[in-house]
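1. Give me a 3D structure for the following:
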Amino acid sequence: EVSCFFTRFPAELGEMETPAAAVERLARVPAPRPEVDAAVRAMLRVGGFKPSGRSKPASEYLVRAAGEGTLGSINLAVDLINVLSLESGLPISVVDVERAEAPFRIALGQAGARYVFNASGQEIEVGGLISLWDSEGPCGGPVKDGLRTKTGPRTRETLSVVWGSRSLPGRAAAVAEELRALLDALGAVTTPATIA
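-> This next block holds a predicted model:
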């Protein structure tokens, strides 16, 4: 169960500040939520992916980083998805629409599918993992988003994907609505996205 939407920002992300209240929320470690974590891991396993080691759900990484005090501000788009992911337990992807090649789709990665996820050139293998794809290949997912479509200082338009589970009905949609409300309050324009 996913919920997707586009966001058009009133300025490039490099010109926009994350509100102090949102940055403060990044430092709060949420209470344990084993039922949500279990549902997210089960969703990652659907196609045979193994969510362990460096391939844990992004939402679990955020909890650890918040607990260690290393979860800092990146940019407005990333900060807000990190806040809502941290608080909800659901992984959330965000990609720069102008760096991607439409159309977008959500699909299981084939065996051997991979993409670079950081500037060091490290790759994640996404065979069996539900992922966001554009016409060039996988570019994001509930574990890590791809470097090729990452947001940056010049980003003006993004696509966000809240990765939910059918065993948590309505949770992804509720998180997406809260995220859209935060963005709209800051002058961004959000619109629902229907992705095959």
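
2. now the helices: where do they sit in the protein?
-> For the chain, helices defined by DSSP state H occupy the ranges 20-25, 34-45, 58-68, 76-88, 171-185.

3. What's the end-to-end length of stretch 133-143?
-> 14 Å (C-alpha to C-alpha, to the nearest Å).

4. Give me the neighbour count for the nearest residue to A176 once chain neighbours are set aside.
-> Spatially, and ignoring its direct neighbours in sequence, A176 is nearest to S3 (3.7 Å; C-beta to C-beta, 6 or more residues apart in numbering). Where C-beta positions appear, they are placed from N, C-alpha and C, glycine not excepted. For S3, the neighbour count with other C-beta atoms under 10 Å is 23.

5. residues touching S3, list them.
-> V161, V162, G164, A172, A173, V175, A176 (C-beta atoms under 8 Å, 6 or more residues apart in numbering).

6. about what we covered before: can you say which of the helices of the chain is nearest to T155?
-> Closest of the helices of the chain to T155 is helix 76-88, at 6.6 Å (criterion: C-beta to C-beta).

7. now that closest one against helix 58-68, angle please.
-> Note on geometry: by axes from the mean of the first three to the mean of the last three C-alpha atoms, to 10 degrees, helix 76-88 and helix 58-68 are set 90 degrees apart in direction.

8. Just name whatever secondary elements helix 76-88 is in contact with.
-> Applying 3 or more C-beta pairs under 8 Å, 6 or more residues apart in numbering; DSSP states H and E, one finds that helix 76-88 makes contact with helix 20-25, helix 58-68, strand 92-96, strand 157-163, helix 171-185.

9. how does it look with 10 Å?
-> With contacts taken as 3 or more C-beta pairs under 10 Å, 6 or more residues apart in numbering; DSSP states H and E, helix 76-88 sits against strand 2-8, helix 20-25, helix 58-68, strand 92-96, strand 157-163, helix 171-185.

10. Tabulate the ones you listed (TSV), appending mean pLDDT and distance to E136.
-> Shown next, in TSV, are the helices and strands packed on helix 76-88 (pLDDT from 0 to 100; distance: least, C-beta to C-beta, whole Å):
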stretch	mean pLDDT	distance to E136
strand 2-8	98	18
helix 20-25	95	32
helix 58-68	95	21
strand 92-96	98	12
strand 157-163	98	14
helix 171-185	98	25
